[in-house]
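Trainee: When you get a sec, could you give me coordinates for this:
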Amino acid sequence: MPTLPTFSTDQFDNSTPARGDLSMAISQTRILPGVLSSGSVTAGDRVKIDTANSVPGLVAFVAADDDEAAFGVVKRVAKQTTFTAGNEDTNKLEGAFSGGQCIWEAGGGTIAAGTPVAMSSGFLAVVDGSHVQMGLLIDPVVVSAMGRVIIGWTPA
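Mentor: Model (predicted):
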């Protein structure tokens, strides 16, 4: 049975976010920073969140095939237009997407990053026939752990 992580009210020692906290105010920019975890992409290419990423707090992208839903599109940055994984200088990119704010929610089980999620009894669940999608999980979560969800996300 999932439970909410302990939240400290000490503003100087609060390493665990509370359920419903705003993680990133990205609704105005519609830009999510991350790293490219494999291959290479060019500005304007479609990317998805890497479901193999197991590092909470790290957003990892991979190229999206033409026949699959993508998280968004690689935004051109002043420094470069081509991004290559495995190189600290060229693997950082920004994904432009359609969606709302990024909110902290508690996991109801083990869910991979990049998974469309819903709520079940107040905890994150995989979208299925009885749970309606609320957004896209950008962090991997386990039961009772906090993860970030972009609410209102729609595939590109």
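Trainee: buried ones in stretch 112-124?
Mentor: Across stretch 112-124, burial judged by 16 or more other CB atoms under 10 Å covers 112-119, 123-124. Every residue, glycine included, has its C-beta placed from N, CA and C.
Trainee: and if you look at stretch 131-141?
Mentor: Those would be 131, 133-141, for stretch 131-141 by 16+ other CB under 10 Å.
Trainee: next one: it to chain centre, how far?
Mentor: 8 Å (CA atoms, centre = their mean, to the nearest Å).
Trainee: try stretch 31-51
Mentor: 12 Å.
Trainee: what packs against the helix or strand encompassing Ala118?
Mentor: Using DSSP states H and E, Ala118 sits in strand 116-120. Here strand 116-120 touches strand 123-126, strand 135-137, going by 3 or more CB pairs under 8 Å, 6 or more residues apart in numbering; DSSP states H and E.
Trainee: wait, which of those strands is closest to Asp89?
Mentor: Taking CB to CB, strand 135-137 is the member of those nearest to Asp89, at 28.2 Å.
Trainee: what comes into contact with the closest one?
Mentor: 49, 71, 99-100, 103, 111-117, 124, 147-153 (CB atoms under 8 Å, 6 or more residues apart in numbering).
Trainee: Next step: those residues restricted to strands.
Mentor: 49, 103, 116-117, 124, 147-151 (DSSP state E).
Trainee: Max pairwise distance over the residues you listed: which two?
Mentor: Across the ones in strands among the contacts of strand 135-137 (CB to CB), the longest gap, 16.0 Å, separates Ile49 and Ile103.
Trainee: wait, doesn't Thr3 sit right on Ser144?
Mentor: Yes. With contact defined as CB atoms under 8 Å, Thr3 counts as touching Ser144 (5.1 Å).
Trainee: Mind checking which of these two has more residues around it?
Mentor: Ser144 (15 against 9; other CB atoms under 10 Å).
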